[in-house]
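**Q** No sequence on hand, only this structure:
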């Protein structure tokens with residue numbers, strides 16, 4: 001094992017021992033081994049029989065402790081290592097499956113604030129009386145504000161207090177299972193599994209876009225369940241009207257019930273979230289001044305808040321310094337800047353793409369259809385749609401007065417080309433990283 005990886009894992013393991021009960025650490029986490037470490041990814045190998053449980057049950061604490069040691073941009077993946085497999089041999093990736101709910105995502109652990117009060121009340125009403133309160137319920141909001149928490153809370157509540165059949169799945173998981181059913185000739189079994197559910201919850205439905213066969217299956221599943229009075233709940237990072245690449249008939253179904261938005265937490269809510277998180281983590285001696293400082297500096301999503309507090313505590317522990325303002329200030333530098341940076345404007349996107357392709361913004365927005373301009377323009381429209389807060393018509397106006405259908409077409413073409421060209425997709429991710437303001441990135 002590389003020395004740097006060994007040292008980093010040693011520090012993370014120390015934080016893990018403090019974050020979870022000793023028995024849980026000994027049984028599930030002691031045998032984890034770091035398989036790969038880069039600036040943005042830590043891959044941990046677990047024994048094959050335990051990998052899925054570790055990924056599902058301890059994924060959040062692994063992510064938080066790794067972020068505390070390595071910084072907020074690192075992502076943790078757990079892979080399965082079969083018996084006798086070399087430590088350096090790549091393991092099999094483990095992903096949460098349909099029925100595995102996060103046990104921490106319950107209503108009693110959801111912090112209610114002004115930005116999520118309606119969504120919480122609607123979710124609780126649905127859980128208490130599925131199929132009668134709001135059907136469908138559609139919860140929208142930016143990443144990290146509690147959509148999945150509410151979705152899992154509904155599923156856990158219904159399962160705990162009734163005998164209803166509950167299916168909770170991500171859009172990506174639904175798609176993967178559907179494709180597998182098509183390939184193996186088990187479509188009837190697939191349909192029966194989801195269309196016989198009493199409560200169906202699908203997370204991140206924005207990822208259904210441009211998956212025509214899957215969209216059609218979701219549409220027919222929706223109709224089957226809704227017409228028989230069974231409950232449907234969806235989440236997305238945007239309201240139904242803004243999921244432009246999803247079929248109109250499916251968008252209409254999504255917005256036929258209650259659409260409840262969740263906003264980033266306000267200051268008082270951030271304080272409550274951090275206090276609750278500190279209690280759960282066992283940081284009873286954490287001063288109120290530390291919590292207030294983190295809450296005032298990190299105004300983004302819940303994950304950023306929790307990561308920032310964990311990073312501050314870990315920094316003080318690792319360097320054996322008291323958890324005072326100067327230590328917290330140092331720990332918050334990366335988190336505050338990343339969490340609070342506003343979304344890029346369409347002009348920001350245009351300037352970045354124009355520079356990358358050695359064009360001017362005027363050329364990018366012109367009426368020219370030349371090959372040296374057409375692809376950069378499509379890519380710029382795609383990036384603007386994905387990373388700015390502008391609507392399709394607004395993006396069209398910024399690109400020489402084009403209408404929203406032109407922008408939608410450009411986004412579809414760009415997604416298709418990126419899915420077919422791995423090197424182009426990698427270069428585009430670099431551009432996206434620059435839009436998000438990651439330090440040290442360069443235009444390809």
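**A** It's in. The model shown is predicted, which means the values in this text are computed figures rather than measured ones.

**Q** Figure out the length between the terminal residues of stretch 123-137.
**A** With C-alpha to C-alpha, to the nearest Å applied, stretch 123-137 spans 8 Å between its terminal residues.

**Q** let me redo that: stretch 248-264
**A** 28 Å.

**Q** I would like the residues contacting that stretch, please.
**A** 114-116, 118-119, 122-123, 134-142, 145-147, 205, 208, 215, 218-219, 222-223, 226, 232, 234, 236, 239-241, 243, 299-301 (C-beta atoms under 8 Å, 6 or more residues apart in numbering). Heads up, the C-betas are built off the backbone N, CA and C, glycines and all.

**Q** repeat for stretch 375-385
**A** 244, 346, 349-350, 352-354, 356-357, 359, 364-365, 390, 392, 395, 398-399, 407, 410-411, 413-415, 417, 428, 431-432, 435.

**Q** so how far is that stretch from its chain's centroid?
**A** Offset of stretch 375-385 from its chain centre (C-alpha atoms, centre = their mean, to the nearest Å): 23 Å.

**Q** buried ones in stretch 267-275?
**A** Judged by neighbour count (16 or more other C-beta atoms under 10 Å), stretch 267-275 contains these buried residues: 269-274.

**Q** OK, contacts around the residue most central in space within the chain?
**A** Nearest to the mean C-alpha position of the chain, counting by C-alpha atoms, centre = their mean, stands residue 143 at 5.5 Å. Residue 143 is in contact with 237, 301, 303, counting by C-beta under 8 Å, 6+ apart.

**Q** Just put those residues in CSV and tack on pLDDT.
**A** As requested, the contacts of residue 143 are exported to CSV (pLDDT from 0 to 100):
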residue, pLDDT
237, 86
301, 74
303, 74
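
**Q** Tell me the one of those nearest residue 106?
**A** Nearest to residue 106 among the contacts of residue 143, counting by C-beta to C-beta, is residue 303 at 17.4 Å.

**Q** Helix, strand, or coil at residue 168?
**A** Recorded secondary structure, residue 168: strand (DSSP: H, G, I helix; E, B strand; the rest coil).

**Q** The contacts of stretch 248-264 in helices, which ones?
**A** 118-119, 122-123, 147, 215, 218-219, 222-223, 226 (DSSP state H).

**Q** Of those, just the buried ones, ChimeraX syntax please.
**A** The ChimeraX selection below is limited to those of the ones in helices among the contacts of stretch 248-264 classed as buried (16+ other C-beta under 10 Å):
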select :119,122,123,147,215,218,219,222,226
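
**Q** Between all of the ones in helices among the contacts of stretch 248-264, which two are separated the most?
**A** It's 118 and 215 that sit farthest apart of the ones in helices among the contacts of stretch 248-264, by C-beta to C-beta, at 27.4 Å.

**Q** Output the below-cut-off pLDDT ranges for the stretch 51-200 of the chain.
**A** Low-confidence segments of the stretch 51-200 of the chain (pLDDT under 70): 56, 82-100.

**Q** can you give me the strands in it?
**A** Using DSSP state E, counting those that start in this stretch, the strands assigned to the stretch 51-200 of the chain run over residues 75-81, 92-93, 137-140, 166-170, 199-203.

**Q** Would you convert these into JSON lines that also reports distance to residue 403?
**A** Below are those laid out as JSON lines (distance: least, C-beta to C-beta, whole Å):
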{"stretch": "strand 75-81", "distance to residue 403": "38"}
{"stretch": "strand 92-93", "distance to residue 403": "41"}
{"stretch": "strand 137-140", "distance to residue 403": "25"}
{"stretch": "strand 166-170", "distance to residue 403": "33"}
{"stretch": "strand 199-203", "distance to residue 403": "31"}
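
**Q** I'd like those strands as TSV, with distance to residue 278 and mean neighbour count appended.
**A** Listed next are the strands of the stretch 51-200 of the chain as TSV, based on distance: least, C-beta to C-beta, whole Å; neighbours: other C-beta atoms under 10 Å:
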stretch	distance to residue 278	mean neighbour count
strand 75-81	21	20
strand 92-93	32	12
strand 137-140	27	25
strand 166-170	29	21
strand 199-203	27	25
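
**Q** quick one: which of those is nearest residue 291?
**A** Of all these, strand 75-81 comes closest under C-beta to C-beta, at 24.9 Å.

**Q** Partner strands of the closest one, with direction?
**A** strand 41-47 (parallel), strand 92-93 (antiparallel) (DSSP bridges).

**Q** can you count the residues close to the nearest residue to residue 189 once chain neighbours are set aside?
**A** Nearest residue to residue 189 in three dimensions, chain neighbours excluded: residue 181, at 6.9 Å (C-beta to C-beta, 6 or more residues apart in numbering). Counted with other C-beta atoms under 10 Å, the neighbours of residue 181 add up to 17.

**Q** Quickly list the domain ranges of this structure.
**A** Domain ranges of the chain: 3-93, 107-261, 269-340, 346-435, per automatic domain parsing.
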